[in-house]
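# fold the following for me, if possible:
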Amino acid sequence: MKFKKAIVFLLAMVLIGSSCPLGVMAEGQSMVIQSLDQVANLDADSNINDQIIVIYKDQATIGSLALTSEDIKGGESLGAQVDIIEVADSTNTDALIAQLSENPNVLVAEKNAYIQTSALPNDPNLSAAWQFERIGADETWNKVNNSETVVVAVIDTGLNTQHPDISDNVVTGYDYVEGTTNMMDLSGHGTLVSGCVAAVTNNGIGFAGITGTANIKVAPYRVGGLSDGDKNLDVGYICAALYDAAARSDVKVINMSFGGYMVSSALRTAVENAANAGKVMVAAAGNEGSNANYSGELAVPASYNNVISVGATDNTNKIAYFSQHNSLVDLCAPGYRVYSTNHDGTYEETSGTSFASPITAGACAVLMAADYTMTSAQVETLLKETALDFGTTGRDDYYGYGLIQLDAAMAKVTPSNPLSIDTFTVDKPTGQTLGTLLVLSAAASGGEGDYQYGFYYELNGKTTTIQDYSSVPTAAFTPTVAGIYTISVQVLDGKGNTVKESIVNYVVKEKATPAIEYRTHVQNVGWQSFVADGAVSGTAGKSLRLEAIEINAITDIYDLGVKYKTHVQNIGWQNFVADGALSGTAGKSLRLEAIAIELTGTDAELFDVYYQVHAQNVGWMGWASNGAQAGTAGFGYRLEGIRIEIVPKGSAAPGSTVNPFIEK
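Residues are numbered from 1 along each chain as shown. Alright, predicted model coming up:
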């Protein structure tokens, strides 16, 4: 289990990065960091003040930052765009942030921090959950029967997924504290929040969440909460969770029951990314309304653009004494002594805008389940237009536009069951050769009337019909031209509605790809048996050197051979040899340090040859191809293992191509 930093509930920002393999350099040397695997993981001893959240631009990674082992001593990759790094010298934190902020590959770099949850210290208990009757949810529990699941991402302290009153309404999220999808909630806050959204209806126990019988689930993201009642959330983890939830098509609503009064470009950037992805963003307005130091201030993330800021009311419909008030409060919902699920498997009353927020988020999910076509802006507008106006007439800083009324909002929604394609498959995986029969199958749902299925493909900019519209949901064709296909189905319902689904990058090859076989001579072992097509020859982790290699291209179809040369200890680069000849030495105890491989023959232009080596003190390096050097030079490192593959020209590399060769 990967232990993630013991900084919880406070919103801490994280660097998003992808890893690329490169190992350890000789002792005493500064090492350029290409992957966070090269440095220590963050642990309980890591000081959050020495941590920097990095959000990358586009597909950049830690390897694009030009950092060395003198700059950072630890780190954690949290997703495709977010990393947290720990500086080696705490006196350089601000300078390193300034340096990273100027890097064109970085969207945001800032010091990590904490942010806190916004909580105050046939369902038999349905009457205790007064909060849902007050907003009209008792009139809507049985009104929505959507087939496509709507997911609310709850970014919080986790969830007791075994609680009997919520377990059936949970889908997979992620625990950033422990680095696992196996969820827990040591604090309790996340389970209380999730129960407000999706406690199971009509199960004979406890109470019912605002979403009622609608097909709505929660995806818990644990970003803090190390102990019972711990309110601290890690900002970096929150940013990573926001990016992950934004990328999920099933997530329609994101709830953020936390807040602070800091300036955080990382948090703002992550929220903006999720909002731009079309997610409904809901956040607690804050509990500092009666605090002289913060009363009337703007808490984040509630006060960001495209976030619904929710205040809390009590059971008399008055704004709760603690509820934050400011010019950006949008709506209010019950948040004083509300009833919900506890992390110990029972129930409890609790107070805070932390619980007004998920009640509102659940209402948003119900509206989107009733009408899949609604946008986030339309959902927010509808709740504002139908809210029960309290306080000063019109919008005010305490109630916003008023107390949400789900029944009134639902009355303005026309429930829809849109036409959709549930499945579309090809019976064989990509990479088939010419002359192979391919069978396509599709299944649609929703819409109105009978379905008509049309199948076609696109190749080299031209569209060809496989089967015109018919009631038959399958079609077959045999490709006659090699290339990269886009295969599609379009479904037409009885009302003339259409929907399309495509399978892209489906490769059809001319003929079978040649094989490549190879064997190595290993220190103290001798010649190993031949292996082929990406299998490892040699050893890894045994400190045994490769001393020689033999390689053959195997094909009955193509005019194809292989030549190769090796860099030998104390000798340097040898001349090329070809087609099974020995390159290197045997019986001289001289190690191989690098290799270059090329294809030969008239058909060599049809293929690429890729090869990857395992080097002493480095590990598996990046894949090299077509005569490029792989390994090391000038370090005295031995090669310990190798794998080789032949692929059609232009195909993707078998893995990362970063740093296949390093030279001193």
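# where's residue 75, which helix or strand?
strand 72-77 (DSSP states H and E).
# brain fart, residue 544
Per DSSP H and E: nothing holds residue 544, as it lies in no helix or strand.
# can you check the one 5 residues further on too?
Under DSSP H and E, the secondary-structure element containing residue 549 is strand 546-554.
# and that strand, what does it pack against?
strand 515-522, strand 561-568, strand 583-584, strand 592-600, strand 639-648 (3 or more C-beta pairs under 8 Å, 6 or more residues apart in numbering; DSSP states H and E). Every C-beta, even on glycine, is put in place using the N, C-alpha and C of the backbone.
# parallel or antiparallel, which strands does the longest strand anywhere in the chain pair with?
The longest strand of the chain (DSSP state E) is strand 498-509. Strand 498-509 has the following strand partners under DSSP bridges: strand 432-433 (parallel), strand 483-492 (antiparallel).
# closest one to residue 186 among those strands?
strand 483-492 (47.2 Å; C-beta to C-beta).
# and the helices in this structure?
Counting by DSSP state H, the chain has helices at residues 93-101, 130-134, 189-198, 235-246, 265-276, 353-370, 376-386, 406-411.
# could you give me the buried positions within the strand holding residue 75?
72, 74-77 (16 or more other C-beta atoms under 10 Å).
# same deal with stretch 180-195?
By neighbour count on 16+ other C-beta under 10 Å, the buried set for stretch 180-195 is 183-195.
# before we move on, the earlier item: any chance of the helices and strands packed on strand 546-554 in TSV, plus mean neighbour count?
Shown next, in TSV, are the helices and strands packed on strand 546-554 (neighbours: other C-beta atoms under 10 Å):
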stretch	mean neighbour count
strand 515-522	21
strand 561-568	22
strand 583-584	24
strand 592-600	23
strand 639-648	23
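# thinking again about what came up before, could the buried residues of stretch 180-195 go into JSON lines alongside distance to residue 542 and pLDDT?
Shown next, in JSON lines, are the buried residues of stretch 180-195 (distance: C-beta to C-beta, whole Å; pLDDT from 0 to 100):
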{"residue": "183", "distance to residue 542": "39", "pLDDT": "95"}
{"residue": "184", "distance to residue 542": "38", "pLDDT": "95"}
{"residue": "185", "distance to residue 542": "44", "pLDDT": "94"}
{"residue": "186", "distance to residue 542": "41", "pLDDT": "94"}
{"residue": "187", "distance to residue 542": "45", "pLDDT": "94"}
{"residue": "188", "distance to residue 542": "49", "pLDDT": "92"}
{"residue": "189", "distance to residue 542": "49", "pLDDT": "95"}
{"residue": "190", "distance to residue 542": "46", "pLDDT": "94"}
{"residue": "191", "distance to residue 542": "48", "pLDDT": "93"}
{"residue": "192", "distance to residue 542": "52", "pLDDT": "93"}
{"residue": "193", "distance to residue 542": "51", "pLDDT": "94"}
{"residue": "194", "distance to residue 542": "49", "pLDDT": "91"}
{"residue": "195", "distance to residue 542": "53", "pLDDT": "88"}
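# and residue 45, how close does it get to residue 72?
15 Å (C-beta to C-beta, to the nearest Å).
# please apply the same query to residue 643.
Applying C-beta to C-beta to residue 643 and residue 72 gives a distance of 31 Å.
# just residue 218 next, same as before
For residue 218, the distance to residue 72 (C-beta to C-beta) stands at 36 Å.
# tell me the pLDDT of the closest residue to residue 223 other than its chain neighbours.
Leaving aside its chain neighbours, residue 223 sits nearest to residue 237 (3.7 Å; criterion: C-beta to C-beta, 6 or more residues apart in numbering). Residue 237 carries a pLDDT value of 96.
# could you number the chain from 5 rather than 1 from now on?
Fine by me, first position is 5 from now on; the one you just mentioned is residue 241.
# ok, what's across the strand from residue 241?
Per DSSP bridges, the residues bridged to residue 241 are residue 17.
# and the strand holding residue 79, C-alpha only, in CSV?
Extracted in CSV, the C-alpha atoms of strand 76-81 (Å, rounded to 0.1, in the frame of the first residue of the first chain):
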residue,chain,number,x,y,z
ILE,A,76,13.8,17.7,-4.7
LYS,A,77,14.1,14.7,-2.4
GLY,A,78,10.6,13.3,-2.6
GLY,A,79,7.3,13.4,-4.5
GLU,A,80,4.1,11.8,-5.5
SER,A,81,2.4,11.6,-8.9
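# residue 483 reaches residue 435, doesn't it?
No: look at residue 483 against residue 435 with C-beta atoms under 8 Å: they stay out of range, at 11.9 Å.
# quick one: which of these two has more around it?
Taking other C-beta atoms under 10 Å, residue 483 and residue 435 do not tie; residue 483 has more neighbours (20 against 15).
# what residues are up against the closest residue to that one other than its chain neighbours?
Counting by C-beta to C-beta, 6+ apart, residue 483 lies nearest to residue 512, which is 4.4 Å off, once chain neighbours are set aside. Contact analysis of residue 512 by C-beta atoms under 8 Å, 6 or more residues apart in numbering lists 436-438, 440, 483, 485-489.
# tell me how many other residues crowd residue 62.
9.
# need the contact list for the closest residue to it other than its chain neighbours.
Distances taken as C-beta to C-beta, 6+ apart place residue 109 nearest to residue 62, at 7.7 Å, with adjacent residues excluded. Residues counted as contacts of residue 109 (C-beta under 8 Å, 6+ apart) are 60-62, 64, 68-69.
# ok, residue 109 to residue 160 distance?
Distance from residue 109 to residue 160, by C-beta to C-beta: 31 Å.
# ok, now residue 500?
44 Å.
# related to what we said a few turns ago, can you add distance to residue 613 and give the buried residues of stretch 184-199 back as TSV?
What follows is these, written out as TSV (distance: C-beta to C-beta, whole Å):
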residue	distance to residue 613
187	45
188	48
189	51
190	52
191	54
192	57
193	55
194	51
195	54
196	58
197	54
198	52
199	57
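# any stretches of the stretch 405-554 of the chain with poor pLDDT?
418-420, 439, 515 (pLDDT under 70).
# pick out the residue nearest the middle of the protein.
residue 248 (3.7 Å; C-alpha atoms, centre = their mean).
# I'd say that one and residue 224 touch.
No: under the criterion of C-beta under 8 Å, residue 248 makes no contact with residue 224, lying 11.9 Å away.
# go ahead and confirm residue 307 touches residue 332.
Yes: here residue 307 reaches residue 332: they are 4.5 Å apart, a contact under C-beta under 8 Å.
# more neighbours: which of these two?
Taking neighbours as other C-beta under 10 Å, residue 307 and residue 332 compare with residue 307 leading, 21 against 16.
# which ones are touching the closest residue to residue 89 other than its chain neighbours?
Distance criterion C-beta to C-beta, 6+ apart; nearest residue to residue 89, sequence neighbours excluded, is residue 79 at 4.2 Å. Neighbouring residues of residue 79 by C-beta under 8 Å, 6+ apart: 19, 40, 43-46, 66, 87-90.
# which residues of the stretch 305-454 of the chain fall in strands?
Applying DSSP state E, counting those that start in this stretch to the stretch 305-454 of the chain gives strands spanning 311-317, 335-338, 342-345, 351-354, 424-430, 436-437, 442-449.
# so how far is residue 595 from residue 567?
22 Å.
# same check, this time on residue 258
Distance from residue 258 to residue 595, by C-beta to C-beta: 54 Å.
# just residue 660 next, same as before
Distance from residue 660 to residue 595, by C-beta to C-beta: 25 Å.
# okay, now the unreliable bits of this structure?
Using pLDDT under 70, the chain drops low at 5-33, 123-151, 203-213, 418-420, 439, 515.
# ok, back up a step: make a markdown table from the strands paired with strand 502-513 and add distance to residue 524 and mean neighbour count to it.
As requested, the strands paired with strand 502-513 are exported to a markdown table (distance: least, C-beta to C-beta, whole Å; neighbours: other C-beta atoms under 10 Å):
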| stretch | distance to residue 524 | mean neighbour count |
| --- | --- | --- |
| strand 436-437 | 31 | 16 |
| strand 487-496 | 35 | 20 |
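# let me know which of the ones you listed is the nearest to residue 98.
strand 487-496 (48.7 Å).
# report the distance from the closest one to the chain centre.
27 Å (C-alpha atoms, centre = their mean, to the nearest Å).
# good, wrapping up.
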